[in-house]
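[1] coords please:
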Amino acid sequence: MSSKNKWRDKNPLKYAYDTLKHNCYRKHGIGWFELSFEEFSLFAIQSEYITKKGIKKTSYHVDRIDSSMGYFIGNIRAVPAVVNGLRVHKQLVYFWSEESRQMIFKVDTHKTETEFLF
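    Numbering: from 1, shown residues only. The predicted model follows:
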């Protein structure tokens, strides 16, 4: 195991934070990432992002609630990759249910199966 992999395994929160920050800068440039490490750590633990992140469809990804704004507390949430993928392809309809106190996600059935690939 390389020293980088050893460090990543010993510091999963810091590694996840650095990766998210780097990817944000790569995609959007400076000014879009406003999370401190402490804010990210609290978010990652409370949302279970740190234990459920990964590359599978059911793994969690960090999603911006309003994609026209940056990464900051109040504009991020942990969602399954499949949900994030549907949202990117404009097939996901979602809303907050006060009754169940959770986000409700539905797939827009007007799209065909071939319009989104995972």
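
[2] pLDDT averaged over stretch 45-60 - what is it?
    Mean pLDDT, computed over stretch 45-60, is 91.

[3] Excluding its own residues, what touches that stretch? List them.
    12-13, 16, 43-44, 61-62, 77-82, 85, 118 (C-beta atoms under 8 Å, 6 or more residues apart in numbering). The C-beta positions use only the backbone N, C-alpha and C, and glycine is treated the same way.

[4] filter these to the buried ones?
    A16, F43, A44, H61, V62, R77, A78, V79, P80, A81, V82, G85 (16 or more other C-beta atoms under 10 Å).

[5] Which elements pack onto the one helix or strand A16 maps to?
    Per DSSP states H and E, A16 falls inside helix 12-28. Helices and strands touching helix 12-28, by 3 or more C-beta pairs under 8 Å, 6 or more residues apart in numbering; DSSP states H and E, are helix 37-46, helix 49-52.

[6] could you dump that helix to PDB, C-alpha only?
    Extracted in PDB, the C-alpha atoms of helix 12-28 (Å, rounded to 0.1, in the frame of the first residue of the first chain):
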ATOM      1  CA  PRO A  12     -10.900   9.900   5.600                       C
ATOM      2  CA  LEU A  13     -12.500  13.300   6.500                       C
ATOM      3  CA  LYS A  14      -9.600  15.300   5.400                       C
ATOM      4  CA  TYR A  15      -9.200  13.300   2.300                       C
ATOM      5  CA  ALA A  16     -12.900  13.700   1.400                       C
ATOM      6  CA  TYR A  17     -12.700  17.400   2.100                       C
ATOM      7  CA  ASP A  18      -9.600  18.000   0.000                       C
ATOM      8  CA  THR A  19     -11.100  16.000  -2.900                       C
ATOM      9  CA  LEU A  20     -14.300  17.900  -2.900                       C
ATOM     10  CA  LYS A  21     -12.500  21.200  -2.600                       C
ATOM     11  CA  HIS A  22     -10.100  20.300  -5.500                       C
ATOM     12  CA  ASN A  23     -12.900  19.100  -7.700                       C
ATOM     13  CA  CYS A  24     -14.800  22.300  -7.000                       C
ATOM     14  CA  TYR A  25     -11.900  24.400  -8.000                       C
ATOM     15  CA  ARG A  26     -11.300  22.300 -11.100                       C
ATOM     16  CA  LYS A  27     -14.900  22.600 -12.300                       C
ATOM     17  CA  HIS A  28     -15.800  26.100 -11.100                       C
END
